[in-house]
Structure formats: C-alpha cells, structure tokens
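A.B. asks: Predicted coordinates and the sequence they were generated for:
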Amino acid sequence: MGLNWRLALRNLTRNTRRTLLTGMVISLSTAALVVTDAFILGFMDTTVRSATRMYSGDAQMHHRDFLDERDEAFIIANPDHHLDQLAAAAQVANATPRVLAFGMISSAADNRAVQVTGIDPEREAAVSKIREAMTAGDYLTEAGDDTQILLGERLADLLEVGLGDRLVVSVNNQDDGGVDQQLFRVSGLFHFNARMLDENMVFVLLPKLQSMMAIEGVHEIAWIMHSASLASERDLPLWQALSTEDVTAQGWTTLIPQLASMLELTGASMAVIGGILFILAGLSVTNGIFMSIYERTWEIGVLLAIGTRRRSIFRLILTETFLLAIGAIALGLLLGFGLTIWLAAVGIDYGNMEISGVSLAEVIRPVVDSRQYQLYPFWVLLLTLVAATYPALHAARIVPARALQKSL
Amino acid sequence: MTAVIKTHQLSRHYGRGDTLVKALDAVDMTIEPGEFTAIVGPSGSGKSTLLQLMGGLDVPTLGEVWLANKAISAMSGRELSDFRRDHIGFIFQAYNLIPVLTAAENCEYIMLLQGVPEAERKHRVQDMLAKVGLSGKENRRPGELSGGQQQRVAVARAMVSQPDLILADEPTANLDSHTGKDLLDMMHDLNRNDGMTFVFSTHDPMIMERANRLISLRDGRVEEDDRRVR
C-alpha cells in the first residue's frame, strides 16, 4: 500500500469515535436504502399479486364495450378460438374463460347483490387461487351436480348458510330480458382474506351460468403470464396480437390503472426517501470530515509547508472519505441484507388493508434485488465523495502560515 | 554567487487604520548559500513573520521575496509548492511531525512528493536517520519518541530532500540544553561539511554563538545585520 493510502487509512484511525460515528451514518443510510427498496419491492409484489394472481389474472380479454358499459350482452362470442391463441402464445402460462353476471343471491335469512361468476374449474384453478382458498366443502367439479356453488365464508355468515344449504341465485336472461332463478346448494366455502372477493362473489359452473343467462360465449378470458413483470408493460405486443375488432386484450396496468398509478407513486416516494437519506447522510459526512480537518489544521499546514500541492491535500481528504465510505457501505450492505432476509422471513402483516381497491391478502415480504447491492452502493459512494468535496476544498485552501501560527 | 533568498522592502501588515500592526516593515535582506544565519529579536519583533514570508508560507503586504532569483509573486501556487518541496526544508519549534506516520515515513513523505524512487527513498531515510542518531527508531511514531528525538526526525525530514535552504523556527525552544546542543552541533556540522544554508529564528544563545551572521529585528525592522567570520 502506498504512503498516501497508508496516511489516509491511519488518519481514519486517529479519532475512532468520530470515524465510527461518520461511518455509522453512511452504513445506516445504505442499510435504510436497501431495506426500504426491498420493502417497496415486496409491497409492490404483494399488491400486484393480490390484484392479479389471487383472482383476476395478469391480463384479461373482454368484448371491446364490456368494461365501459358493464352490459352482460357484450360477450366474447368465440372463446375457444381465443383460448387456442393464448395456449399457443409462448409468454402465456394458463388461461381461463369466465361468465360474469350481476345478480342476487337469497337464503332463507337474507339476500345480497353479488357477482356470479361461471368458471371452468380446472382451467380456473391454473389461473386463480380459488381452489387454494377453499376452507370447507369441495371445489367445483364438472362431473358434479350443476347446482354446486362456492361462496366466501363472510358471505355465508351474512346469508346465515353453511355447507349443503340451499340458495337461490337470480341473474338476467339475455334472451328474453327476464330474470332466471335457480336453486343451488352450498358446496364449498372460501376465504381470500379480501373483502371484495369474500363478500361479493360466488362461483358456479360456467355452462350452468351460460344456460341461465342464455348466452353461448363468455364475458372474460383471464390468464397469467410466465413472467408477471411482462404483464405490467402497457405496450406489450401481445396485447395487440390478441386484440381483434370485437375483443380487446389488456394487462393489469390498463385494467387497474389506479393501482398502476399508485405503484408509480410508490416508486417516486422511494426516490424522495432516498433523496432525504442522501441529503442527511451527506450533511453528516460533510460535518464529520470538517471536524477531522479542523482537528488537524496545523498538520495540513505542515504538509503544505513542506511542499505538498493543494491538489494532493484535496486528494488525501477524498481518499480518506473513499476508504471510510467503502468500509461503511460494506457494513451497511451486510446490515441491509440481514434485515431484509429477517423481514422477508417474518413478513410484515398489513392486516386486510385495502390499497387502491386491492386488499393486501398476504404479508409483505421484502425482496432482495441485485440493484440494491449495485446501484445504491455506487450512489452512496458518489454522494459521500461529493459531500467530502467541500471540506476537501477547504483543506486544500488552508494558508500554511495561519495553520502553523501556534508552532512557527 | 546566486542568493538563496533576497527580500526587497518586505512588509507584512495586519489590520487597518488605528489597529494597523506592521509585523514586518520594509525589510531588505539577502541570504547567501552556506550561511548559518540567526534572526534574533524580542517577541513580536517579526522573526516568525519573516521566516514565513521567506518560505512562501504567507503573502507579503508589500515588497517581494526572490527565491533563487525568482519572485514568489510570479510563481503559481503549484510552482511555489514545488519550490518549497525541492529547495526549502522547514524545522518547527513544535516539531510538527505527522503523528500517524513513523519516523521513517515522516522523512519519506517529502521524497514521495518529489517522485524519488522507492529504493532510493528507503536508502536516504536510513542514512539520514542514522546521521541524526536515530538508527533503530525508524518505525516509531512521533508519540513514541522523546521531544529531542522528534526534533531530530524533523531535522532529518527537512534535510532528506536535499534542500538548498533550511528555515528553522526556534528549533531548540522545547528541548533541554543538552539535547539542544547536540542538535545544534549536528546542524552546524551539516552546514560546515555539506554547505547547507540555515536560517534560524531564535532566542537561544547557543544558536547565536554558532551563527556566522546575526540579524536583529525590532518592531518589524532590521536593527542590525552582523556578519561574523568564523
């Protein structure tokens, strides 16, 4: 190691308390950035998964006017063709057709307005988490009775029904404009831990609902992608490829724009948090380096007196800061990594909090990402060096005669 | 013979108006190579200020300093740094060694600035520390050395870069008389044997005894310039 590096390193050991305190600011800022970013990634992941993978899917296909009008008459007339297209698309993992009806469900005790969803049980299980969310009874089977109905535990409580109890479901018949009522028996209960799903949705067999509504097509085809992040791309070519004159395919960012905006805002808030941390850490570093310079002003005067160029003094201060920052950042990354792993293991439970209409049904688990260990250390190092520039310039401008006043 | 240092109407004033203090007032002086000069005078007479200005550590209010026939005011900051590094050695009253460097490293540092190759640096450091009687103490830090030993390191540091001139500010002030005498004898030998030029600012009679030129300052002006032949 060269004498300049040795000098810089030893200067850091001169006042270990101050070095530790300044280093700790850098370490904690680094750790805070890493953990905050990991938390926000975990939060976004949980929110998006709560919004997509639980029920709705990464993307959906509807009749062009269905989402705007919410008119049950706007159907996808040839779902098999689109399901074949989706099966052939390399980016798509699984797809499922759905029939959606806005109806009433009545028990002996009460009645409620609900969304009745007709599903293909096997296909649906490969897209949403209904089967995993079952808490009692059986999941729907095509081979079973067509009066099977699944409802949320919470809705069952409101209707005061249990497994095997009878319910009447009423939906609009698109053929005659009247209401079709059918008797169902509660075959299973589910619990998504999301009020929207647990209180307002029931699931029946798809052909049964088609028959009640007198339609042959479906209202929705939902699917999940092999890579969830692909679905967040608004201009993914797949959307265009799957859309036709009558049918439009959209990813979740278009389907749930308020959630996409909220997540963008979350990303921006990370930038704000990062900025505040950077400023606080930068001021602390500036202060620490200044104190170190004031403490050895005479010594810098000596170095200048014996012929050290001002630029070398500037470089010496930056070298000290660089060495301090490297050590502190390494510690900060270790601390951040440890905290992230621990938080990911225990999870952060937000209860059943709703964000932009999405219930956070899972605990948030911070996510380790390579960016946290590449980009942030680089920025912290850069900021630390920038913060040291002012005191380094001050040191380089010291007038030797004044610095040596006490000794010469 | 080219003067090592020449000053013309050299002045350094502090404050202004009623509070104006003339620390140095129109000093003309020439230091020739090989001189062993002592600048003497009571406290506040301007000794230290004169040394600072001679070494380019401070900027005069009026007048000029020529170092090896080059006006300091004509030098850029970098040129002045390089000049000090290559031509002037400083010895301070309070030793002023870098506390985190060992005795050898304190001496080596200036040669590092000069770009002296490592092998030569090590050789010259060993040589110089032996010359000042510090063989075996190369790896001690200043805090592990006595005052006298620290001042010897300071002398070694000042001389190891082979300067033309050494400016020493009361180098014996913090030493006991025995240590001070040893150190002075050593510097005197270097002056006589190697022709190194020394300029002291001092109150110490031992330095005055050995000096071949005594410059007395009072109130910032040269009161007497006594050249002696020894």
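C.D. replies: Noted; the coordinates are in hand.
A.B. asks: Go through the strand ranked longest in chain A and flag the buried ones.
C.D. replies: Across chain A, the longest stretch assigned as strand under DSSP state E is strand A:92-106. For strand A:92-106, burial by neighbour count (16 or more other Cβ atoms under 10 Å in any protein chain shown) applies to A:92-101, A:103, A:105-106. Any C-beta I mention is one placed from the backbone N, CA and C, and that applies to glycine too.
A.B. asks: what's the answer for stretch B:75-89, then?
C.D. replies: In stretch B:75-89, counting by 16+ other Cβ under 10 Å, buried: B:75, B:80-89.
A.B. asks: before we move on, what about stretch A:7-15?
C.D. replies: Within stretch A:7-15, judged by 16+ other Cβ under 10 Å, the buried ones are A:7-12, A:15.
A.B. asks: restrict those to those near chain B?
C.D. replies: Of the residues in those, proximity to chain B by Cβ under 8 Å from any Cβ of the partner chain holds for A:7, A:10-11.
A.B. asks: Show me which of these is closest to chain B.
C.D. replies: A:Arg10 (3.6 Å; Cβ to the nearest Cβ).
A.B. asks: wait, is that closest one part of a helix?
C.D. replies: Yes. A:Arg10: assigned to a helix according to DSSP: H, G, I helix; E, B strand; the rest coil.
A.B. asks: from what I can see it touches B:Val100, true?
C.D. replies: Yes. With contacts counted by Cβ atoms under 8 Å, A:Arg10 reaches B:Val100, the gap being 3.6 Å.
A.B. asks: Once you drop chain neighbours, what's closest to A:Asp71?
C.D. replies: A:Asp65 (7.0 Å; Cβ to Cβ, 6 or more residues apart in numbering or on different chains).
A.B. asks: The one you found and A:Gln174, how far apart?
C.D. replies: Per Cβ to Cβ, to the nearest Å, A:Asp65 is found 15 Å from A:Gln174.
A.B. asks: More neighbours: which of the two?
C.D. replies: Remark: of A:Asp65 and A:Gln174, A:Gln174 carries more neighbours, 18 against 13, as counted by other Cβ atoms under 10 Å in any protein chain shown.
A.B. asks: Make sure the more buried one is actually in contact with A:Gly217.
C.D. replies: No. Counting by Cβ under 8 Å, A:Gly217 is not a contact partner of A:Gln174; they are 10.3 Å apart.
A.B. asks: B:Ser45: what secondary structure?
C.D. replies: coil.
A.B. asks: wait, which of the ones next to chain B among the buried residues of stretch A:7-15 is closest to B:Lys137?
C.D. replies: A:Arg10 (18.2 Å; Cβ to Cβ).
A.B. asks: List the residues that contact that closest one.
C.D. replies: Going by Cβ atoms under 8 Å, 6 or more residues apart in numbering or on different chains, A:Arg10 touches B:100-101.
A.B. asks: all helices for the stretch 201-350 of chain A, in order.
C.D. replies: In the stretch 201-350 of chain A, the helices defined using DSSP state H, counting those that start in this stretch lie at A:206-213, A:237-242, A:252-255, A:257-295, A:297-305, A:310-346.
A.B. asks: Get me the contact residues on chain B for chain A.
C.D. replies: For chain B, the residues in contact with chain A (Cβ under 8 Å from any Cβ) are B:48, B:51-52, B:55, B:57-58, B:77-78, B:81-86, B:88-90, B:92-94, B:96-101, B:105, B:108-110, B:112-114, B:157, B:161, B:169.
A.B. asks: Helices - which of these land there?
C.D. replies: B:48, B:51-52, B:77-78, B:81-86, B:105, B:108-110, B:112-114, B:157 (DSSP state H).
A.B. asks: Spatially nearest residue to the residue of chain A at minimum distance from chain B, not counting backbone neighbours?
C.D. replies: The nearest approach of chain A to chain B comes at A:Gly307, 2.3 Å away (Cβ to the nearest Cβ). Nearest non-adjacent residue to A:Gly307, counting by Cβ to Cβ, 6+ apart: B:Arg85, 2.3 Å away.
A.B. asks: do you know how far the one you found is from B:Ala104?
C.D. replies: Taken as Cβ to Cβ, the span from B:Arg85 to B:Ala104 is 19 Å.
A.B. asks: again, but for B:Ile110
C.D. replies: 12 Å.
A.B. asks: of the two, who's got more company?
C.D. replies: B:Ile110 (24 against 21).
A.B. asks: isn't the more buried one right next to B:Ser161, touching?
C.D. replies: Yes. B:Ile110 lies in contact with B:Ser161 (Cβ under 8 Å); the separation is 4.6 Å.
A.B. asks: where do the contact lists of those two overlap?
C.D. replies: Common neighbours of B:Ile110 and B:Ser161 (Cβ under 8 Å, 6+ apart) are A:307, B:85.
A.B. asks: Leaving out chain neighbours, which residue sits closest to B:Ser146?
C.D. replies: B:Ser146 sits nearest to B:Thr179 (Cβ to Cβ, 6+ apart), 8.0 Å away.
A.B. asks: quick one, phi psi at the one you found?
C.D. replies: Torsion angles at B:Thr179 (phi, psi; degrees, to the nearest 10) stand at phi -60, psi -40.
A.B. asks: Give me the neighbour count for it.
C.D. replies: B:Thr179, neighbours per other Cβ under 10 Å, totals 17.
A.B. asks: try the one 10 residues further on
C.D. replies: Taking other Cβ under 10 Å as the neighbour definition, B:Asp189 ends up with a count of 12.
A.B. asks: measure it to chain A for me?
C.D. replies: Going from B:Asp189 to chain A by Cβ to the nearest Cβ, to the nearest Å gives 23 Å.
A.B. asks: for B:Lys122, same thing?
C.D. replies: When distance is defined by Cβ to the nearest Cβ, B:Lys122 is 11 Å away from chain A.
A.B. asks: still on that earlier bit, so what's the residue of chain A closest to chain B up against?
C.D. replies: B:81-86, B:88, B:110, B:113-114, B:161.
A.B. asks: Redo those as CSV? Include pLDDT.
C.D. replies: CSV is the format used below for these (pLDDT from 0 to 100):
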residue, pLDDT
B:Ser81, 90
B:Asp82, 90
B:Phe83, 88
B:Arg84, 89
B:Arg85, 90
B:Asp86, 89
B:Ile88, 91
B:Ile110, 90
B:Leu113, 88
B:Gln114, 89
B:Ser161, 87
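A.B. asks: Quick check: of these, which lies closest to chain A?
C.D. replies: Nearest member of the contacts of A:Gly307 to chain A, counting by Cβ to the nearest Cβ, is B:Arg85, at 2.3 Å.
A.B. asks: Let me see the contact set for the closest one.
C.D. replies: B:Arg85 makes contact with A:306-308, B:110, B:113-114, B:161, according to Cβ under 8 Å, 6+ apart.
A.B. asks: could I get those as CSV with distance to A:Leu339?
C.D. replies: What follows is the contacts of B:Arg85, written out as CSV (distance: Cβ to Cβ, whole Å):
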residue, distance to A:Leu339
A:Ile306, 47
A:Gly307, 48
A:Thr308, 42
B:Ile110, 47
B:Leu113, 45
B:Gln114, 49
B:Ser161, 52
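A.B. asks: List buried residues within those.
C.D. replies: A:306-308, B:110, B:113, B:161.
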